[in-house]
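Undergrad: Have a look at this fold, sequence not included:
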């Protein structure tokens, strides 16, 4: 067995959970070549394959993504009201609120931008880490397991998700069963290992599995966004739908405007920089943006630094075209351009997922009722939110760069 996959496959004695991002699970053909038409049974075949390796449960992140969207909506409303209530400079600096789910963006902000940009970043964890918190702090207890008995693997479109999972912020200590060593709890990561979708393809090929011939296993419904017909549902957008969800919620809560129609994003520089606005009585009251790719990202950062950014919320992704173009995704086949692949993935992604309001998700409601209490509660802040830390370079590193 290749050592490349050993961290994931040496887990037969644990209760194993795999939580794939839907950005990775888009079509039956997606794990062999570029998909040409939607094949929604890929999740069921992936479940069959992964369980053949000893995995006990294969979960979809969409339910937890809905929860992170709700937390993000409530955080935005709190920041907006704080900025409106006082002229204090510290309060005013709470906007624009910058999304926090992209680890490449977070790493760049901490290492290169420092303390002046970090207060603007949403404190809500990414869906990957929120899923880890839910599994290790709640789900395992309901199933009669201790957190250290669960090995949680995620499948993500991005290599930086591996770095995110290794952050010290996402490690906690379990209580020791040995009373004489009560203060020496075991350090437990919320996410134990991360595989990219490309690595899952490598694993399938390494095991010489005919993916088309695999039987379809029932989807584990523990945290699955499945309707009565077995269809997956969630928000639109291949990068989490943050701007759209927060915009609709803010329009409703702050200005009493229910927006049921598709949102009209206006292209500013290119398709990776789009904006969205709400007008009330001829006045622009909300202005949001989608900002993908480092070139566009740096433009936003400059505006924030000079206090010339007129957006209240920005959905930030380091990769051009967002998560579907993540560095860990399966590469285009010979003769196919990256743009053609992205266009195909976007079409398939949207065809295979029914759009649904996160606030009406019964699974999310149950998680709040049984575990977190309500959005923005102290327990939610403890498990669903995090902090950021500017990386101080050593003198040696500064001299080396100079």
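TA: That came in fine, so what should we check first? The structure displayed is predicted, hence computed values, not measured ones. Residues are numbered from 1 along each chain as shown.
Undergrad: Without its sequence neighbours, what residue ends up closest to the residue nearest the centre of the chain?
TA: Compute the mean C-alpha point of the chain, and by C-alpha atoms, centre = their mean the closest residue is residue 127, 3.7 Å away. Nearest non-adjacent residue to residue 127, counting by C-beta to C-beta, 6 or more residues apart in numbering: residue 65, 4.1 Å away. For glycine as for every other residue, the C-beta is placed from the backbone atoms N, C-alpha and C.
Undergrad: what residues are up against the one you found?
TA: Going by C-beta atoms under 8 Å, 6 or more residues apart in numbering, residue 65 touches 127, 130, 234, 235, 240, 358.
Undergrad: what about the helices in the stretch 201-350 of the chain?
TA: 242-255, 294-305, 338-351 (DSSP state H, counting those that start in this stretch).
Undergrad: so can I have a markdown table of those helices showing distance to residue 121?
TA: As requested, these are exported to a markdown table (distance: least, C-beta to C-beta, whole Å):
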| stretch | distance to residue 121 |
| --- | --- |
| helix 242-255 | 12 |
| helix 294-305 | 10 |
| helix 338-351 | 26 |
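Undergrad: averaging pLDDT over each of these, which comes out lowest?
TA: Lowest mean pLDDT within the helices of the stretch 201-350 of the chain: helix 338-351, a mean of 80.
Undergrad: List the buried residues of it.
TA: Using 16 or more other C-beta atoms under 10 Å as the test for burial, helix 338-351 gives 341, 342, 344, 345, 346, 348, 349.
Undergrad: For residue 348, see how far away the first one is.
TA: I take that to be residue 341. Residue 341 sits at a distance of 11 Å from residue 348 (criterion: C-beta to C-beta, to the nearest Å).
Undergrad: coming back round to it: tell me which of the helices of the stretch 201-350 of the chain lies nearest to residue 368.
TA: Nearest of the helices of the stretch 201-350 of the chain to residue 368, taken as C-beta to C-beta: helix 242-255 at 15.9 Å.
Undergrad: thinking again about what came up before, buried sites along the helix or strand hosting the residue nearest to residue 127?
TA: Here residue 65 sits within helix 62-85, counting by DSSP states H and E. Residues 62-77, 79-80, 82-83 are the ones in helix 62-85 that count as buried (16+ other C-beta under 10 Å).
Undergrad: So residue 153, which state does it fall into?
TA: strand (DSSP: H, G, I helix; E, B strand; the rest coil).
Undergrad: change the start of the numbering to 10 and stick with it
TA: Renumbered: residue one is now 10, and that last one reads residue 162.
Undergrad: Please report the number of neighbouring residues for it.
TA: Per other C-beta atoms under 10 Å, the neighbour tally for residue 162 reads 22.
Undergrad: Am I right that it is in contact with residue 199?
TA: No. Judged on C-beta atoms under 8 Å, residue 162 makes no contact with residue 199 at a distance of 11.9 Å.
Undergrad: how about the nearest residue to residue 113, chain neighbours excluded?
TA: residue 327 (3.3 Å).
Undergrad: pretty sure that neighbour is touching residue 108, no?
TA: No. With contact defined as C-beta under 8 Å, residue 327 does not reach residue 108; the gap is 11.3 Å.
Undergrad: Thanks again, I'm all set now.
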